[in-house]
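J.: Need the 3D shape of this:
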Amino acid sequence: MSLPKVAVVGVHGHGGSHLRTVADLETRGLARLSAVVDPREPDDAPAPWFASLGDLLSADTGTLPDVVVLSTPIHTHLPLARAAMEAGIDVLLEKPTTASLAEHAELVAVADRTGRLCQVGFQTFGSHALPAVADMIARGEVGQVTGIGAVGTWVRTAAYWARSPWAGRRRMGDRAVVDGAVTNPLAHAVATALWVGGARASTDLAYVNTDLWRANPIEADDTSSLRAVGTDGTRYGFGLTLCAAERTPARVIVQGTAGEIELEYEHDLVRLRTGRVVAEKQYGRTGLLENLLRARTGERLLCDARETGAFMQVLEAVRTAADPTPIGDAFVDWVDGIDTGLPSGGASGRISGTQGNPEGDPRHPVVRDVAEWCERAAREQRTFTELGAPWTVEK
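T.: Predicted coordinates:
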């Protein structure tokens, strides 16, 4: 039996991690790399190179892949995924799913019409820790859930925002981009918290309140809080920043009447704290590309595009909100050359993506005491403004 052919679209930056994943699958006899696609030809391309997906799709049909991995700018996700699925190709699409809720609906419609698979690259959805946490909640380990929060206090330098023309943009011309803290680097925090709370479809959220801020000279948010409420009454709080003094592991926190569960999703690490038990366990993870390949013969997709609707409802709230408010200079310190705490290729190899900082300007803004305010936003399900964070009082 011939191995499934995989093409990677967008091979510079985060695309390199996808190339490594395909190489690993090839050594295990599960797939082979059939093409690489990028406007800039890579040095020592490991497979035939095409400048665009259109070039690949118009080539000899014998060279068409079975699966394409799309590691491309956010605003290209829908048109490229649509072209691939209409050509009869299954898709692994980097997060966020699309640049708007309307585009998400169109993407799902294309998948339904073509019968193709569309997996979204929320890597945490392959974590075995997620069903373990869901099982703890169902068994009542922490009593009745009172709130679910996510805390992300990360570091991004000025070079990160200069990495591409679309970095830090909310829109380019008439196209939505939405490349901010909530919707790209820390999108895993949002999507994972929603998954834990059982929110999958856009209709699973009753409303989302946004409180968007920025310390960098960009269009998008780099320091934000959100509050959401599910149609089942579950309360969600998010405190997220790329302007912390130091990078700490992102966490999802499930609070209950009898204890709490803390999930460090980058490391698949779960901590359970109750009056009776304090326990910690690290779980394994299934790769999303491997899962997609198996789904071609019947296995369930771990992150079907259809099940990212709740996250897309949050993205839509961010997209349609007023532009982020600049944080006053009195509350921001600029630091040179600080360590992001992020090894090359992602945090411990678990969560990767456009998270590292490319070489360039090493300066980084630090919002004073932002880690504490992010913690409160997540645990109290209130926004920075509602909490009275100092930069929200004096603008």
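J.: Break down the protein into its helices, ranges please.
T.: Using DSSP state H, the helices of the chain run over 15-27, 53-57, 77-86, 101-114, 129-138, 158-161, 187-196, 288-295, 309-320, 370-380, 384-387, 390-393.
J.: what's the closest of these to residue 38?
T.: Closest of the helices of the chain to residue 38 is helix 15-27, at 7.2 Å (criterion: CB to CB). Any C-beta I mention is one placed from the backbone N, CA and C, and that applies to glycine too.
J.: Let me know the pLDDT of the residue lying closest to residue 310 once chain neighbours are set aside.
T.: Counting by CB to CB, 6 or more residues apart in numbering, residue 310 lies nearest to residue 199, which is 3.8 Å off, once chain neighbours are set aside. The per-residue pLDDT reported for residue 199 equals 98.
J.: Now do the contacts for residue 199.
T.: Counting by CB atoms under 8 Å, 6 or more residues apart in numbering, residue 199 touches 205, 230, 234, 236, 310.
J.: what's the neighbour count on the third one?
T.: Going back to what we said before, that points to residue 234. A count of neighbours around residue 234, defined by other CB atoms under 10 Å, yields 22.
J.: pretty sure residue 146 contacts residue 254?
T.: No: between residue 146 and residue 254 there is no contact under CB atoms under 8 Å: 9.1 Å.
J.: Tell me who's in contact with residue 378.
T.: Counting by CB under 8 Å, 6+ apart, residue 378 has contacts 149-151, 237-239, 253.
J.: which one of those residues has the most neighbours?
T.: Going by other CB under 10 Å, residue 239 tops those with 33 neighbours.
J.: Identify the bridge partners of that one.
T.: residue 151, residue 225 (DSSP bridges).
J.: how far away is it from residue 253?
T.: 10 Å (CB to CB, to the nearest Å).
J.: Overlap of the contact sets of those two?
T.: Between them, residue 239 and residue 253 share the contacting residues 149-151, 378, judged by CB under 8 Å, 6+ apart.
J.: Show me the chain divided up by domain.
T.: 5-124, 128-283+305-393 (automatic domain parsing).
J.: Out of those, which gets nearest to residue 294?
T.: domain 5-124 (8.7 Å).
J.: Average pLDDT for that closest one, rounded please.
T.: 95.
J.: From residue 301, how far off is residue 286?
T.: Residue 286 sits at a distance of 11 Å from residue 301 (criterion: CB to CB).
J.: Can you lay out the contacts of residue 378 as TSV showing distance to residue 75?
T.: Output for the contacts of residue 378, formatted as TSV (distance: CB to CB, whole Å):
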residue	distance to residue 75
149	30
150	25
151	28
237	29
238	23
239	27
253	32
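J.: Closest one of the residues you listed to residue 45?
T.: Using CB to CB, the contacts of residue 378 come closest to residue 45 at residue 150, 38.4 Å.
J.: Quick check: that closest one vs residue 115, distance?
T.: Counting by CB to CB - residue 150 and residue 115 are separated by 34 Å.
J.: what's near enough to touch the residue lying closest to residue 175 once chain neighbours are set aside?
T.: Leaving aside its chain neighbours, residue 175 sits nearest to residue 75 (4.7 Å; criterion: CB to CB, 6+ apart). With contacts defined as CB under 8 Å, 6+ apart, the neighbours of residue 75 are 99, 166, 172, 175-177.
J.: Counting neighbours, which of those comes out on top?
T.: Of all the contacts of residue 75, the most densely surrounded is residue 99 (27 neighbours; neighbours counted as other CB under 10 Å).
J.: Confirm for me that that residue is in contact with residue 319.
T.: Yes: at 7.4 Å, residue 99 and residue 319 qualify as touching, with contact defined as CB under 8 Å.
J.: which neighbours do the two share?
T.: Joint contacts of residue 99 and residue 319 (CB under 8 Å, 6+ apart) are 176, 178.
J.: how about the domains of the chain, which one is nearest residue 290?
T.: domain 5-124 (6.3 Å).
J.: so how far is that closest one off the chain centroid?
T.: 17 Å (CA atoms, centre = their mean, to the nearest Å).
J.: Residue 286 and residue 301: which is more packed in?
T.: A direct count of neighbours by other CB under 10 Å for residue 286 and residue 301 places residue 301 higher, at 20 against 15.
J.: and residue 228, what does it touch?
T.: 194, 205, 207-209, 235-236, 238, 314.
J.: Now restrict the residues you listed to buried residues only.
T.: Buried members of the contacts of residue 228, counted by 16 or more other CB atoms under 10 Å: 194, 205, 208-209, 235-236, 238, 314.
J.: and which of those is nearest residue 223?
T.: residue 238 (11.5 Å).
J.: any idea how far the closest one lies from residue 122?
T.: For residue 238, the distance to residue 122 - CB to CB - is 15 Å.
J.: what do you get for residue 254?
T.: For residue 254, the distance to residue 122 - CB to CB - is 18 Å.
J.: Show me how far stretch 130-145 is from its chain's centre.
T.: That offset, for stretch 130-145, works out to 23 Å (CA atoms, centre = their mean).
J.: pLDDT on that stretch, on average?
T.: Rounded mean pLDDT across stretch 130-145 is 97.
J.: and the contacts of residue 75 as a markdown table, adding distance to residue 39?
T.: Below are the contacts of residue 75 laid out as a markdown table (distance: CB to CB, whole Å):
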| residue | distance to residue 39 |
| --- | --- |
| 99 | 20 |
| 166 | 14 |
| 172 | 16 |
| 175 | 17 |
| 176 | 21 |
| 177 | 18 |
